[in-house]
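Novice: Fold the stuff below for me.
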Amino acid sequence: MALDRQQPEVRELLSKYQKKLKQELGEEKEGPRYYSREYLQFKKENMPLPFTLYEKACNISEKIFKIAPDPKKAKLVQDSINTCHLNITPTGATSISLLAPMLFILIGLFFSVLLPIMTGGEIAMSGVMLFFVIGVTMIFIITKIPEFLVNTWRLKASNEMVLTIFYVVTYMRHTSNLEKAIEFASDHLTGPISLDLKKVLWDVETEKFESIKVALDKYLNNWKDTNMEFVESFHLIISSLYESSEGRRLDMLDKSLDVMLTETYEKMLHYGHNLKSPITMLHMLGIILPILGLVILPLVASFMTKNVSPIKLAVYIAVIYNLLIPLVVFYFSKTILSKRPTGYGETDISKNPKFSKYKNFIINIGSYEISISPIWICIIVAGILLFIGITPLLMHAASNTDIVIGHEGVQVVSLDTPEYGTYSFHMLGYLNSESGDGKVGPYGLGATILSLCIPLAFGLGLGLYYKFRTGNLIKIRDSSKKLEEGFGSALFQLGNRLGDGLPAEIAFGKVSDVMEGTTAGSFFGLVSMNIRKLGMSVKDAIFNKKIGALTQFPSNIIESSMKVLIESVKKGPKIAAQALVNVARYIKEIHRVNERMRDLMSDITSSMKSQISFLTPVIAGIVVGIMSMVSYILSHLRGQLEKLSTTGGTGSAEQFSGIVSFFGDGIPTFYMQVIVGIYVIQIIILLTILLNGIQNGSDKLNQRNLTAKNLLKSTFLYIFITLAVVITFNMVAASIITGAIG
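Specialist: Predicted coordinates:
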């Protein structure tokens, strides 16, 4: 009886702890997923910073403004959350997509309506509309963030899939243990799949799944729709565990890597064929048409600014060209990259002991090294150029004067002087506004030339930052890649020496003598020297953290190959020899298919390189020159018509006055050049990200290095072309005006 009375309490207690266990294991759907302290620490060490910031924002938004999505959308968002290991809910993702834009629109209302009312100023309804349009756009963008995150995650993960199969197959050839093979792969991978595989092992250790096979099957379900070849390869690896014959087991492992390589090449072949159309559309809609559309803007602006301030119109154009169009290009680029098949990734050098040191700018003074963060150098350079670029605005704000050239030479005169408009050259060129805003400008050629320093500040600042940040690291990685390219042949020779019965300690020396003068020969020579002169074991000669050979030649592929050697040599030299020969064959096969894929994409990538380095800056520079010439002609034509309307007869005065009324102030070339210059820099960065993604998948180091090269080259080309065309076209415009006036 006492037991029966206690049963409801026991059931309630069991229910309470079952719910808590489900939450800890991530099976509870209500509220954010809860993990143990150890897993959260493990996740914190492996998750990128932007993901954690987005998690915090979503969880805070869910507490403040909780909005649940519809069930269909919630399932899609939950799949994205599971893929990226995010500690949020679909409700949190939906809440922030509405809360953040609403706050932005409210801030816009405060500055555009409430603040002017409080200070007695004019209500800016155009500002309200601007904030509203940007806020609505933000809803669409923030809603797509989980999709963007999962596409970025998949791109990074797909870049490691071939290496994942390579590491698992390499390990299982000598030790048929799936759990150890997955652990081996997770230790040598550095991207998302490393985290995924560690999570698979974690789920087995915490008994969420009963075996590694069940946990792996659950994980592979995430890739069935996008990377079926990865799933098939793992199924072949799992099938090899059930083969009774050693020969069939090894054949099954070889088949798994062959399936991965073959399917990857075929998918990349189709991707390359289907890529030409979206790249062409992106180039036309995101670059050519917007830049050519700028040609007619001076004409349109000269009529619109009769009733609208030129500065306001310039702000609207800046929102279109420096915000909306780059966002469209970014979205199309992400869409194109999301369809990219599995790649191969690049050599990871993060384990190099000099990695942190070489991220800085190093100055050698005698035996001393001074390490300076590149950010300070770039801030100083960009700050000086930016100050020079805004000099016309500072001069106008500080002294209301201009530098002019007339019969008496160069002078500094006040803008309020009656004779100001009679001088032949104005550095700033401020005019009386037709829209009633007082003096507007600067329209002068000198101001336009000085404005070139503003895009130069951004282009040179970012370019130098990425150059200093990645220049030394790229050299280290190129050295490691050179070693990896020749490492396959070196492993063949080492395997043959071991197959002849030589101990590993002697075999390293023999191979280093044969391959003297090569990078692989230097690696084996260093191992041999550590063994002979320092009396180290083979393992210490390679893996010692202070003087091991891998400290001088950091590479995950080489490290994994050497670990395979250490493990297999315990079973005898014959097994070690066979293991190394197979690893060498795998490396050569991966390199061969990778080169075929690069050749396949060469047409598209070469076209994009020409767009980035030549076409975009040249077209933009010519367009700015045309804008400057049109603005010069219209402003002087308006001035001459105004003179004629006041000096002509009664009839002619009315006619010319009617013509003058069509013309407004026009947008100063100073502002238009800044808008176009910044737009060019944005497009160069976006196209570089797209180019690197097509070529190399997710490779941040190479992306930043390419960005540095393209920014520096294209920015200087844009500045040179713009300067030459502006000066030339203004001289032509001056001769046209002089000839017309007679």
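
Novice: Against His270, how distant is Thr264?
Specialist: 11 Å (CB to CB, to the nearest Å). Backbone N, C-alpha and C define where each C-beta goes, glycine included.

Novice: Pick out whichever of the two has more residues nearby.
Specialist: The residue with more neighbours, out of Thr264 and His270, is Thr264; 26 against 11, by other CB atoms under 10 Å.

Novice: name the element that one belongs to?
Specialist: helix 246-283 (DSSP states H and E).

Novice: now for that helix, which elements pack on it?
Specialist: helix 161-174, helix 228-240, helix 325-338, helix 573-600, helix 602-610 (3 or more CB pairs under 8 Å, 6 or more residues apart in numbering; DSSP states H and E).

Novice: contact partners of the helix or strand just after that helix?
Specialist: Downstream of helix 246-283, the first helix or strand assigned by DSSP H and E is helix 289-293. Contacts to helix 289-293, defined as CB atoms under 8 Å, 6 or more residues apart in numbering, come from residues Tyr321, Ile325, Thr616, Ile619, Ala620, Val623, Val676, Tyr679.

Novice: With stretch 695-704 instead?
Specialist: 152, 155-156, 158-159, 191, 340, 343-346, 349, 466, 469-470, 473-474, 477, 598, 601, 605, 688-689, 692-693.

Novice: Just the ones of these in strands?
Specialist: In this view, the contacts of stretch 695-704 have no member that belongs to strands under DSSP state E.

Novice: Show me where the stretch 301-450 of the chain has its strands.
Specialist: 361-365, 368-372, 401-406, 409-414, 425-426, 431-432, 439-440 (DSSP state E, counting those that start in this stretch).

Novice: can I get those in CSV with mean pLDDT?
Specialist: Below are the strands of the stretch 301-450 of the chain laid out as CSV (pLDDT from 0 to 100):
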stretch, mean pLDDT
strand 361-365, 71
strand 368-372, 73
strand 401-406, 72
strand 409-414, 72
strand 425-426, 70
strand 431-432, 66
strand 439-440, 71
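
Novice: which stretch among these comes nearest Gly108?
Specialist: Among the strands of the stretch 301-450 of the chain, strand 439-440 comes nearest to Gly108, with 24.8 Å by CB to CB.

Novice: Tell me which strands that closest one pairs with, and in which orientation.
Specialist: With DSSP bridges as the test, strand 439-440 is paired with strand 431-432 (antiparallel).

Novice: Looking at the contacts of helix 289-293, spot the one nearest Phe720.
Specialist: So of the contacts of helix 289-293, ranked by how close each gets to Phe720 (CB to CB), first place is Ala620, at 12.1 Å.

Novice: Check which helix or strand that closest one maps to.
Specialist: Applying DSSP H and E, one finds Ala620 within helix 616-647.

Novice: Leu327 and Met138 touch, don't they?
Specialist: No: using CB atoms under 8 Å, Leu327 is not in contact with Met138, being 10.0 Å away.

Novice: the more surrounded of those two?
Specialist: More crowded of Leu327 and Met138, by other CB under 10 Å: Met138, with 18 against 15.

Novice: any idea how far the more buried one is from Leu98?
Specialist: Relative to Leu98, and taking CB to CB, Met138 is found at 10 Å.
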